[in-house]
Each structure stands twice: as structure tokens, then as C-alpha cells.
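Engineer: here is a sequence with its predicted model. Questions after.
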Amino acid sequence: MNFMSDTVAPAHPAILDAMVAAAKGAAPSYGSDPWTKSAREALSKTFETEVDIWLVSSGTAANALGLSILCPSHGGVLCHQDAHIQTDERGAPEFYTGGGKLILLPGAHARIDLAALKRRLDFNDPNFVHETPLHALSLSNLTESGAAYHPFEIKERAALAREAGLAVHLDGARLANALVSTGATPAEMTWRAGVDVLSFGATKNGGAGCEAIILFGAARQRLQELQIRAKRAGHMPPKMRFLGAQMEAYLKDGLWLDLARRANTSATLVAAALTKAGAELTHPVDGNEVFAVLPPGAADRLAAAGAGFYPWPDGSHRFVCSWATEPSEIAALTAALAG
């Protein structure tokens, strides 16, 4: 019963098979291989537009490098006060931008409040020497509280940012889960809604360690800068073919959405078991994460039964399902809750 995170799950067999297939013979280095080229083509098809990409092995690298081409060292990035780039990346965005500042905004369920965003943008004055000028807005889907933005919600925030001269970054570590939940297409959730740079995750959803930094539209002109920054940061894998093979297999025949659908379904069942046992959900279950305040004694019973879950700073507990969550795990959780 491991509900600690979706990163504890194994890699999907189809992705492992693709990596094994890519291990035959020699291949060009540093992203010049056929697998990385095929991954870019597959991502362009998936997002219904030509994109440029850079593949890395972690979401932190994807977020920090993606933001580094949008925000200079003297600039600021607007994000939610609970965003992953703020709470869980040990200053990596600030480090990779060379000193860029994260400027935090409120909002329920880790979605940026629209009115708060507008007020902060109205306050921005790049010509005032004492102020940190804003250069980018970073959104997360799913959010750090497991909630989903619908395309119109991203679009209205991105429109405000663009009107103020900001670029838009989307942390899509769990984008597949958000797409399954909302029924949106990848294009509707990203570039058609105003996103310039996407951190597109596979690791949490069946990958062995693969994330894509995706550049849309005019942001594609920054590919060389991204590559230079990736090299300096140590994120230019010599054998990028194994990342390309993962991404190609991940997208093939809609595997990525099938895996997210499994994880989301499991989370719905976990949420039902928790609420039946008297737990109170603290955030919407829009994907594969469940946040709940447990009734007295429930956390101890679950821990004694061998369940893995995570205490959250707000006093709730987080339960995360993955593509590999077994029905037997959910049954065991339900039994432990019943005592």
C-alpha cells in the first residue's frame, strides 16, 4: 500500500522495452539521434503544432531551465505561493535564472487567484528602479494541491500576463492527469491558451526518468539559448536517445493518457474510501492525488497496516495513486480504515 507519490511506481513495460530497443548499436550523441527526432515529431503531432524540445531527466530541471530562458537574473516570476517551484525545488529556478525572484500569489487549491494576479500586474512598474520587474507567469496543472485548471482558466490568466508583457510557463508534471480530468486536448490546455513554455512530465506517469521542455510559437527562437543553458547546467545527456525513446513510447497510441486515466480512477476510489471512513477532503480530486484530514486514529491504523502516505503542511494527509496502483492496495486501505 504505497500512496507516497507517483514517483515510487515502476516504469511501464512499453517504455522499458523502447529503451532496450534503443540500446542496439551506435547512435549520434546529444540529441542528434533518431529517437529524439521522433520524440519531437510525436510531441508536435500531440500538441497539433510544430514545437521544439529539450529532454531532461527531472521535473526540477525542466522547470528551472524553462524559466531561465523567460526571466533574466534581475527579473521576477509570478507563481502561486504553494507552487512546486517555490516549495519543493530548493531554489533551482532562482539558481538557473542567475538570481531571478519568485513573487508569490494566493489562491484556493493552489490555483492563482485571478483578482490577485490582476492587482499584482497592475502594480508592476518595470521603470521603477527599486522594483523587481515581472517577466514570466508560472502556472501548474495539476496544481500542488491536486486541482486542475481548465483551458479557459489558463487562458484568462495568460491573457492578463501577456497584456502586461510577461511570458507564460506551465509546469505540466501531471498534465496528463489534468487532461483526463477536464477532457481538454493538449493544444487547448497549452499554446492555444497562451502558454509559451511547457515542462511536460512523463516520469510520474510511467516514465523511467524523462521530461520535455517544450517551446511553442515565438519561444522556439530561444532553443539555442536553452541548449546553451542546459549544457552549462549539466543537462545535455550524451545518450539522449534513451530519453527520446521513452518519450516516443510514452505518447504512442495514447499510452500516456491511458496511464493517467488509471491513476485518476484509483484516486477516485481512494477518495471514496477515505470519505466513507469519516475523512474530510481538503482539495478537489481532479487527478491522481487525494488530500484529506483523517479522523482520529486513522493515520495510526493505516501506518500499522503498512500504508505509505504523506503528512501535508496544512494538517491533512496526501495519498497519491499511479498507473500501477493495484485494486488490492485500495482494498487493503479500505479495510485498514474500517479498523
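Structural biologist: Received it, and whenever you're ready, just let me know what you need.
Engineer: can you give me the strands in this protein?
Structural biologist: Here the chain has its strands, by DSSP state E, at 52-56, 76-80, 101-105, 134-140, 167-172, 197-201, 211-215, 280-281, 289-293, 310-311, 317-320.
Engineer: with mean pLDDT, mean neighbour count and distance to residue 334 as added columns, please give those strands in JSON lines.
Structural biologist: (Glycine included, C-beta is placed from N, CA and C.) Shown next, in JSON lines, are those (pLDDT from 0 to 100; neighbours: other C-beta atoms under 10 Å; distance: least, C-beta to C-beta, whole Å):
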{"stretch": "strand 52-56", "mean pLDDT": "98", "mean neighbour count": "24", "distance to residue 334": "38"}
{"stretch": "strand 76-80", "mean pLDDT": "98", "mean neighbour count": "26", "distance to residue 334": "33"}
{"stretch": "strand 101-105", "mean pLDDT": "98", "mean neighbour count": "18", "distance to residue 334": "38"}
{"stretch": "strand 134-140", "mean pLDDT": "98", "mean neighbour count": "26", "distance to residue 334": "30"}
{"stretch": "strand 167-172", "mean pLDDT": "98", "mean neighbour count": "28", "distance to residue 334": "31"}
{"stretch": "strand 197-201", "mean pLDDT": "98", "mean neighbour count": "28", "distance to residue 334": "29"}
{"stretch": "strand 211-215", "mean pLDDT": "98", "mean neighbour count": "27", "distance to residue 334": "34"}
{"stretch": "strand 280-281", "mean pLDDT": "98", "mean neighbour count": "14", "distance to residue 334": "16"}
{"stretch": "strand 289-293", "mean pLDDT": "98", "mean neighbour count": "25", "distance to residue 334": "13"}
{"stretch": "strand 310-311", "mean pLDDT": "96", "mean neighbour count": "12", "distance to residue 334": "19"}
{"stretch": "strand 317-320", "mean pLDDT": "98", "mean neighbour count": "26", "distance to residue 334": "12"}
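Engineer: which one of those strands lies nearest to residue 246?
Structural biologist: strand 52-56 (8.4 Å; C-beta to C-beta).
Engineer: which residues sit against that closest one?
Structural biologist: 31, 36, 39-40, 43, 62, 65, 210-215, 220, 223, 226-227, 230, 235, 237, 240, 243-244, 247 (C-beta atoms under 8 Å, 6 or more residues apart in numbering).
Engineer: again, but for stretch 124-139
Structural biologist: 63, 67, 70-72, 74-80, 83, 85, 100-101, 103, 112, 117, 120-121, 149, 154, 157-158, 161, 164-171, 195.
Engineer: thinking again about what came up before, relative to residue 254, which of the strands of the chain is closest?
Structural biologist: strand 197-201 (15.2 Å).
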